[in-house]
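J.: sequence plus predicted model, see below.
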Amino acid sequence: MNPVDLLPHHALPFGEAMRVVAARWYDRGGSLDQLDASAVDLARRLDMPIAEVQRRLWVAYGEAIAEKRQAEREGELLRRMAELRGLHRIIAAANSTLDLETSMSQVVNTVVDVGTVDACAIYIYDRDANELVLRACAGFEVSAIGQIRMALGEGIVGAAAQQGTPLMVADVRFDGRGLASLGTVAGHLHGMLAVPIVLFSDSRFHLGMPQLQGVVTVQTRQPHTFNESEISFVETVAGELAFFITNAQMYQQADSQLHRKVRELTTLQQVSKRIAEQIRIDELLQLIAAKAVELSQVNRADILRLDNKGTLQLAANYGAPTHPAPIPLCISDAVHNGYPLAVLNAFNDSRFPELAVTAAHDGFYSLYSIPLRIGGEMPFGAISLYTNQEHHFDFDQVRLLSSFADAAAIAIENARLYDESQRALAVKSVMLQEMHHRVRNNLQTISALLTMQLRRIADNAPAAQMLRDSVARIQAISAVHNLLCREDIGVTTVDAIMRQIVDHAVVSMTDPQFPVAFTVQGDTIEVASRQATILAIVLNELVMNALSHGLAQVGGHVEILMQQGDDVCTVRIRDDGPMRTRHLPPYKGSGMGQQMVRMLVESDLYGSFIFEIVDDWACATVTFRPIEEEEEGTI
């Protein structure tokens with residue numbers, strides 16, 4: 001090639017012509033020395049001095065070099081700006097969501113969009129399986145996601161991960177590693193660059209050593225040798241992915257732990273409610289064993305209790321063999337000392353060499369035993385958990401089991417107290433029934449003696465009426481004790497008392513020729529034993545007064561109405577004696593009956609008594625507040 005041939009075909013000024021020649025010569029890779037050597041020919045052709053031609057060529061060649069370099073710098077700057085825009089889009093895509101799958105899909109698509117490659121893929125390192133798994137791709141079949149797996153060192157991707165450095169292959173068709181790993185899904189892709197995703201030491205993640213997160217790959221349809229700039233770009237993407245993947249994994253781990261905590265606390269609340277509702281001790285212990293297995297996800301649970309001699313006994317179990325081995329001594333010692341016991345491997349724990357025999361018999365591997373206690377008191381038992389495989393009870397699980405054990409201990413103590421109270425109540429029931437039975441018999445004996453005495457006195461004698469009143473009152477009290485000696489001891493109803501009094505009055509105070517019709521209706525009012533006795537005397541006195549004031553001689557009606565309000569109860573006794581006994585001489589009484597009734601109602605029942613004549617009917621109203629059985633001891 002001769003510089004003379006590079007002269008422009010059309011006429012140009014001398015200086016312009018030299019610049020064209022120098023620029024064309026430089027573009028073709030010619031050197032300055034060669035250009036200088038051709039100055040003679042150019043000078044002859046242009047009819048110019050050789051020195052002037054040389055000077056012009058040197059200047060023009062220098063300008064061509066400067067322009068070329070300027071263009072290269074501008075191109076590099078534009079390329080860098082494009083890379084920065086691409087990185088910005090990639091980072092934005094990675095940080096757009098904390099969902100790992102969604103973000104990785106956005107990243108690979110963005111890399112293909114902003115780069116000069118035809119495909120991009122991200123492989124995540126599975127530490128448990130010690131292999132790389134395809135998790136996102138763009139440019140080849142998405143059906144391969146999750147299906148392509150390779151060990152460290154396997155294929156181009158595995159080799160890059162194992163070496164920890166970028167690995168470039170210009171044409172994978174001539175590299176067996178590429179065909180072995182991706183040939184079936186990416187056979188149309190030839191150039192390949194694999195860059196490991198490594199999270200280097202960073203205080204934010206408490207890492208002291210680099211940690212492999214995965215591999216990012218880019219591929220081209222044509223064979224391609226990736227230059228330093230392209231490799232640097234993919235390395236930058238890998239660096240951003242390392243932080244993003246770690247953040248997303250930490251978020252997923254925290255979210256998973258949070259959901260697990262919520263499930264555990266919900267289960268604990270439901271379990272605590274179930275065991276708190278159970279009051280039968282045997283059923284409660286079996287329920288606690290079953291719920292302990294459910295809550296802690298173990299294979300077996302034993303509920304152990306200390307007997308009166310301080311010996312640990314099996315009270316209930318769930319998931320245990322039909323004939324379990326005796327309780328290991330190490331569990332018994334732990335309960336007596338009040339501390340939990342954890343055994344990771346029962347077959348080789350040097351602390352308890354005898355435990356291996358029990359583990360082989362019962363078929364367990366790990367165990368955890370936690371004492372049952374209330375507050376700071378000494379333990380009264382334990383919950384022992386067993387697994388069929390090696391299992392470490394971590395801090396969170398131990399804390400959950402401690403809360404469950406506290407709830408179980410309170411439930412067991414409540415059930416024990418309830419059981420004791422039921423037994424004590426049964427003893428009290430028998431004793432009170434016997435007491436009421438004996439009091440009733442004694443009152444009936446007194447009533448019989450008074451009745452015998454009454455037979456020796458004339459019917460119209462003043463003492464006869466007094467004896468009859470006393471017998472009626474004693475019979476009324478005896479009727480109350482007859483009611484109280486039944487199974488529902490300590491409690492009876494006003495209705496039952498009233499009917500006992502009416503039955504006795506019909507037999508002892510009325511004449512069949514002059515029948516008296518009794519009507520008892522209203523609410524069922526329960527009263528305790530002491531109030532029942534007072535009410536029996538009061539109501540008996542009012543019925544006796546109604547009969548004594550003429551109804552027994554002429555007949556008539558007696559209506560008893562019982563009403564229970566929110567705070568007070570009312571018993572109203574009405575009779576039509578005033579309208580039926582007008583033709584009879586006035587009854588001459590001392591009025592002591594009403595005085596006694598008023599005194600008993602006001603002082604013992606803490607109520608009120610009203611007697612009045614309404615529309616020719618005599619009406620006696622007793623109002624009182626019912627007292628619970630436990631209140632009677634304070635009155």
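T.: Happy to help now that I have it.

J.: from here on, contacts and neighbour counts on C-alpha atoms
T.: OK.

J.: how about the strands in the stretch 401-550 of the chain?
T.: With DSSP state E, counting those that start in this stretch as the criterion, the stretch 401-550 of the chain has strands at 491-493, 516-522, 526-528.

J.: show me the shaky parts of the stretch 401-550 of the chain.
T.: 427, 429-434, 436-437, 440, 476, 479-490, 550 (pLDDT under 70).

J.: at 90 what do you get?
T.: 401-516, 524-550 (pLDDT under 90).

J.: geometric centre of the protein: which residue is closest?
T.: residue 266 (1.4 Å; Cα atoms, centre = their mean).

J.: give me phi/psi at residue 28?
T.: With angles defined as degrees, to the nearest 10, residue 28 sits at phi -90, psi 0.

J.: distance of it from residue 469?
T.: 147 Å (Cα to Cα, to the nearest Å).

J.: neighbour count: those two, which is higher?
T.: residue 469 (17 against 10; other Cα atoms under 10 Å).

J.: rewinding a little: now the strands of the stretch 401-550 of the chain as TSV including mean neighbour count?
T.: Formatted as TSV, the strands of the stretch 401-550 of the chain follow (neighbours: other Cα atoms under 10 Å):
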stretch	mean neighbour count
strand 491-493	20
strand 516-522	15
strand 526-528	19
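
J.: now those in TSV, with distance to residue 593?
T.: Formatted as TSV, the strands of the stretch 401-550 of the chain follow (distance: least, Cα to Cα, whole Å):
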stretch	distance to residue 593
strand 491-493	24
strand 516-522	21
strand 526-528	23
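
J.: check contacts around residue 564.
T.: Contacts for residue 564 (Cα atoms under 8 Å, 6 or more residues apart in numbering) come out as 523-525, 570.

J.: in three-state terms, label residue 116 for me.
T.: Classification of residue 116 by DSSP: H, G, I helix; E, B strand; the rest coil places it in coil.

J.: so how many other residues sit close to it?
T.: 12.

J.: quick one: it and residue 230, what's the gap?
T.: Applying Cα to Cα to residue 116 and residue 230 gives a distance of 9 Å.

J.: nearest to residue 313, out of the strands of the stretch 401-550 of the chain?
T.: Comparing the strands of the stretch 401-550 of the chain against residue 313 with Cα to Cα, the closest turns out to be strand 491-493 (41.0 Å).

J.: would you point out the helix or strand in the chain whose mean pLDDT is lowest?
T.: Ranking every helix and strand in the chain by mean pLDDT, DSSP states H and E puts helix 176-182 at the bottom, with a mean of 61.

J.: list the contacts of the following helix or strand past that helix.
T.: Using DSSP states H and E, the helix or strand that follows helix 176-182 in sequence is strand 191-199. Here strand 191-199 makes contact (Cα under 8 Å, 6+ apart) with 156-157, 160-161, 164-172, 210-226, 231, 234-235, 238-239, 241-243.

J.: pLDDT below threshold where in the stretch 1-150 of the chain?
T.: 1-116, 126-130, 139-150.

J.: spell out the residue ranges of the helices in it.
T.: Applying DSSP state H, counting those that start in this stretch to the stretch 1-150 of the chain gives helices spanning 14-27, 32-37, 39-46, 50-94, 100-114.

J.: the fourth one to helix 14-27, inter-axis angle?
T.: Put plainly, it is helix 50-94. Angle, helix 50-94 to helix 14-27, by axes from the mean of the first three to the mean of the last three Cα atoms, to 10 degrees: 50 degrees.

J.: who are the packing partners of helix 50-94?
T.: Identification of packing neighbours for helix 50-94 by 3 or more Cα pairs under 8 Å, 6 or more residues apart in numbering; DSSP states H and E yields helix 14-27, helix 32-37, helix 39-46, helix 100-114, helix 228-277.

J.: now it against helix 228-277, angle please.
T.: Put simply, helix 50-94 runs at 10 degrees to helix 228-277, going by the same axes, to 10 degrees.

J.: now helix 50-94 and helix 100-114, what's the angle there?
T.: Using the same axes, to 10 degrees: helix 50-94 against helix 100-114 is 160 degrees.

J.: all helices of the stretch 501-635 of the chain, in order?
T.: With DSSP H, counting those that start in this stretch as the criterion, the stretch 501-635 of the chain has helices at 529-546, 552-554, 577-580, 592-603.

J.: could you give me the buried positions within the third one?
T.: Going by neighbour count (16 or more other Cα atoms under 10 Å), the buried part of helix 577-580 is 577-578, 580.

J.: mean confidence for that helix?
T.: Averaging pLDDT along helix 577-580 gives 78.

J.: show me what that helix is packed against.
T.: Short answer (3+ Cα pairs under 8 Å, 6+ apart): helix 577-580 packs on strand 556-564, strand 617-624.

J.: next: the first one.
T.: Contact partners of helix 529-546 among helices and strands, from 3+ Cα pairs under 8 Å, 6+ apart: helix 462-484, strand 491-493, helix 494-509, strand 569-575, helix 592-603.

J.: residue 335 is nearest to which of the ones you listed?
T.: Closest to residue 335 of the helices and strands packed on helix 529-546, according to Cα to Cα: strand 491-493, at 45.5 Å.

J.: give me the distance between the closest residue in space to residue 330 that isn't next to it in sequence and residue 151.
T.: Once flanking residues are discounted, residue 330 sits nearest to residue 352: 7.0 Å by Cα to Cα, 6 or more residues apart in numbering. Noted for residue 352: a distance of 41 Å to residue 151, by Cα to Cα.

J.: those two: who's more crowded?
T.: residue 151 (18 against 14).

J.: so who does that one touch?
T.: Residues in contact with residue 151 (Cα under 8 Å, 6+ apart) are 130-132, 158.

J.: can you say which of the residues you listed are buried?
T.: For the contacts of residue 151, a burial check counting by 16+ other Cα under 10 Å picks out 131-132, 158.

J.: ok, of those, which one's closest to residue 56?
T.: Ranked by distance to residue 56 (Cα to Cα), those are led by residue 158 at 59.0 Å.

J.: which SSE is the closest one in?
T.: Using DSSP H and E, the element containing residue 158 is helix 155-163.

J.: distance from the chain centre to that helix, please.
T.: Centroid separation for helix 155-163 versus its chain: 45 Å, with Cα atoms, centre = their mean, to the nearest Å.

J.: coming back round to it: just the pLDDT for the residue nearest to the centre of the chain.
T.: On the pLDDT scale, residue 266 gets 78.

J.: residues of stretch 157-174 that come out buried?
T.: So, applying 16+ other Cα under 10 Å, buried residues of stretch 157-174: 157-161, 164, 166-173.

J.: try stretch 556-571
T.: 556-558, 560-562, 564, 569-571.

J.: can you put those residues in TSV and add distance to residue 518 and pLDDT?
T.: Output for the buried residues of stretch 556-571, formatted as TSV (distance: Cα to Cα, whole Å; pLDDT from 0 to 100):
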residue	distance to residue 518	pLDDT
556	9	87
557	6	89
558	5	91
560	8	93
561	11	94
562	14	93
564	21	91
569	21	93
570	18	94
571	14	94
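
J.: how about those residues in JSON lines, adding distance to residue 310?
T.: Output for the buried residues of stretch 556-571, formatted as JSON lines (distance: Cα to Cα, whole Å):
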{"residue": "556", "distance to residue 310": "74"}
{"residue": "557", "distance to residue 310": "71"}
{"residue": "558", "distance to residue 310": "68"}
{"residue": "560", "distance to residue 310": "62"}
{"residue": "561", "distance to residue 310": "61"}
{"residue": "562", "distance to residue 310": "57"}
{"residue": "564", "distance to residue 310": "54"}
{"residue": "569", "distance to residue 310": "54"}
{"residue": "570", "distance to residue 310": "57"}
{"residue": "571", "distance to residue 310": "58"}
